[in-house]
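**Q** pasting the sequence and the predicted model now:
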Amino acid sequence: MGSRARTALVTLLTLAATAGAPAAPASAAPASALRTAPRAGGTADLAARVEALTADYRDRTATVTAAADLLARAYTVVGAADDDARAAATDLALARGDLDARVRALYVLGASAGGELALLTAATPEDALWQLDVGGPLAERLLGDTAAVRTEAEGRATAARRHSDAAERTAGQVNDRLNALRAAQEEAAWTLAQARGALRQLQQQDARAAAAAAERLARARRDADTARLPASTPVGATAIPPDVERAYRDAAPTCPGLDWTLLAAVGQVESGHGRDDGPSSAGAIGPMQFMPATFAAYGVDADGDGTADPWSVRDAVFSAARYLCASGAGRGAEGVHAALLTYNHAEWYVDLVLAARTAIRARYAR
């Protein structure tokens with residue numbers, strides 16, 4: 001494994017080990033407790049409840065954004081490890097080819113260990129003696145050197161594959177954590193919706209207190225929607241299975257202006273190109289992580305088996321192309337931005353997908 005990938009893997013594993021599950025916010029009770037708390041009746045109680053919910057929502061949003069950053073770094077580790085594995089496999093193939101070529105050449109020249117071929121093929125007795133005295137030891141040395149090269153290359157390939165598998169598992173674990181945190185964010189948003197109902201009640205008791213609480217709640221929601229992935233976060237491209245890449249490339253032309261790498265970027269962020277296809281804690285399913293109701297509206301039977309299936313790679317990818325296209329993905333940068341917000345209403349998600357698209361373009365342009 002290259003030093004870049006090895007350093008990144010150590011960093012990722014350290015972050016993953018220390019990240020853990022999110023602690024309950026110190027400034028607010030867990031959302032599950034808030035959800036079951038008895039409905040407050042007084043102005044002060046209602047205002048305190050909304051404050052607690054707002055703080056809980058802010059904390060969960062910050063945790064989700066941090067998890068997105070960690071996931072992006074995981075993709076970089078996986079991509080680097082995959083590159084190392086491919087380079088090691090190329091080295092191994094070259095070493096094996098070199099060994100085979102040397103064996104054939106030495107056999108043709110007659111420099112075999114036993115010398116029988118030297119006696120049969122030598123032009124003169126002096127040539128036969130030279131091949132026996134010099135060619136044999138030379139052959140053994142050449143073959144030994146080449147075998148050592150092959151053994152070393154095999155070791156590098158085995159190590160690279162091991163590190164690549166470990167990085168893939170780590171990325172999957174981070175992806176699972178991100179899905180859990182998304183569910184927590186959704187729970188907080190649901191609870192905030194209940195708080196809006198409480199605010200309407202509060203308005204009947206104290207309009208000024210209700211207005212102040214509503215503004216703080218709205219500000220928290222705006223901050224959550226506009227939270228960005230740090231610009232310094234590296235985002236890599238993970239290897240795309242051949243059948244999944246074919247689906248991305250085939251589906252893109254169904255939406256004029258849609259590039260296949262955007263579909264691939266969504267697929268990487270949503271499920272690692274089908275490696276972690278759910279169902280998520282929020283209920284999203286399949287390689288492109290559709291909610292069942294959304295798939296019912298946009299599902300496509302792309303594999304021709306008579307059923308639009310969100311778990312089918314081709315059906316899911318073609319359905320994602322249709323959904324993104326309906327939201328503007330084929331109409332330039334602004335359309336892409338709007339379409340991605342439709343897929344997941346958060347700016348950090350847009351940042352993550354667009355960065356992954358850039359990485360995929362660079363990797364698959366090689």
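**A** Perfect, I can see it now.

**Q** now do the nearest residue to residue 230 once chain neighbours are set aside against residue 152, distance only.
**A** Distances taken as C-beta to C-beta, 6 or more residues apart in numbering place residue 69 nearest to residue 230, at 6.1 Å, with adjacent residues excluded. (Each C-beta comes from the backbone N, C-alpha and C, glycine too.) Distance, residue 69 to residue 152, by C-beta to C-beta, to the nearest Å: 37 Å.

**Q** who has more neighbours, these two?
**A** Ranked by neighbour count (other C-beta atoms under 10 Å), residue 69 and residue 152 place residue 69 first, with 20 against 13.

**Q** what's the burial count for residue 336?
**A** Neighbour tally, residue 336, other C-beta under 10 Å: 23.

**Q** that one reaches residue 265, doesn't it?
**A** No. Because the distance of 10.2 Å does not satisfy C-beta atoms under 8 Å, residue 336 is recorded as not touching residue 265.

**Q** identify the contacts common to those two.
**A** residue 354 (C-beta atoms under 8 Å, 6 or more residues apart in numbering).

**Q** could you pull up the mean pLDDT of the helix or strand containing residue 48?
**A** For residue 48, the host element (DSSP states H and E) is helix 43-109. Computed over helix 43-109, the mean pLDDT rounds to 78.

**Q** cool, and stretch 162-182?
**A** The average pLDDT for stretch 162-182 rounds to 70.

**Q** just stretch 313-333 next, same as before
**A** Stretch 313-333 comes out at a mean pLDDT of 97.

**Q** that stretch: which residues count as buried?
**A** 313-325, 327-331 (16 or more other C-beta atoms under 10 Å).

**Q** tally of neighbours for residue 364?
**A** Neighbour tally, residue 364, other C-beta under 10 Å: 14.

**Q** now swap in residue 150 and tell me
**A** Residue 150: 19 neighbours (other C-beta under 10 Å).

**Q** and for residue 304?
**A** The number of residues packed near residue 304 is 8, by other C-beta under 10 Å.

**Q** swap in residue 148?
**A** 11.

**Q** how about it, secondary structure?
**A** Counting by DSSP: H, G, I helix; E, B strand; the rest coil, the backbone at residue 148 sits in helix.

**Q** skipping adjacent residues, who's closest to residue 311 in space?
**A** Per C-beta to C-beta, 6+ apart, closest to residue 311 is residue 286, 4.8 Å.

**Q** residue contacts, that neighbour?
**A** For residue 286, the contact set (C-beta under 8 Å, 6+ apart) comprises 271, 277-278, 295, 309-312, 316.

**Q** any of the residues you listed buried? List them.
**A** By 16+ other C-beta under 10 Å, the contacts of residue 286 give 271, 277-278, 295, 309-310, 312, 316 as buried.

**Q** secondary structure and distance to residue 248 added to these, as JSON lines?
**A** Listed next are the buried ones among the contacts of residue 286 as JSON lines, based on DSSP: H, G, I helix; E, B strand; the rest coil; distance: C-beta to C-beta, whole Å:
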{"residue": "271", "secondary structure": "helix", "distance to residue 248": "13"}
{"residue": "277", "secondary structure": "coil", "distance to residue 248": "15"}
{"residue": "278", "secondary structure": "coil", "distance to residue 248": "19"}
{"residue": "295", "secondary structure": "helix", "distance to residue 248": "18"}
{"residue": "309", "secondary structure": "coil", "distance to residue 248": "17"}
{"residue": "310", "secondary structure": "coil", "distance to residue 248": "16"}
{"residue": "312", "secondary structure": "coil", "distance to residue 248": "14"}
{"residue": "316", "secondary structure": "helix", "distance to residue 248": "11"}
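
**Q** can you name the two of these that are farthest apart?
**A** 271 and 309 (14.9 Å; C-beta to C-beta).

**Q** flag every buried residue along stretch 256-270.
**A** For stretch 256-270, by 16+ other C-beta under 10 Å, it's 258-270.

**Q** sitting in helices, which of the residues you listed do you find?
**A** 260-270 (DSSP state H).

**Q** now residue 354, nearest residue through space, not along the chain?
**A** That would be residue 265: by C-beta to C-beta, 6+ apart, it lies 7.2 Å from residue 354.

**Q** surely that neighbour is in contact with residue 356?
**A** Yes. Counting by C-beta under 8 Å, residue 265 does reach residue 356; the two are 4.0 Å apart.

**Q** how close does the residue nearest to residue 198 when sequence neighbours are not counted get to residue 195?
**A** Leaving aside its chain neighbours, residue 198 sits nearest to residue 46 (5.2 Å; criterion: C-beta to C-beta, 6+ apart). To residue 195, residue 46 is 9 Å away according to C-beta to C-beta.

**Q** pull up the overlap in contacts between these two.
**A** Counting by C-beta under 8 Å, 6+ apart, residue 46 and residue 195 have no contacts in common.

**Q** could you find the closest non-adjacent residue to residue 342?
**A** That would be residue 327: by C-beta to C-beta, 6+ apart, it lies 4.1 Å from residue 342.

**Q** what's that neighbour sitting at in phi/psi?
**A** With angles defined as degrees, to the nearest 10, residue 327 sits at phi -100, psi 0.

**Q** re earlier: now do the helix holding residue 48 against helix 260-271, angle only.
**A** Helix 43-109 runs at 120 degrees relative to helix 260-271, counting by axes from the mean of the first three to the mean of the last three C-alpha atoms, to 10 degrees.
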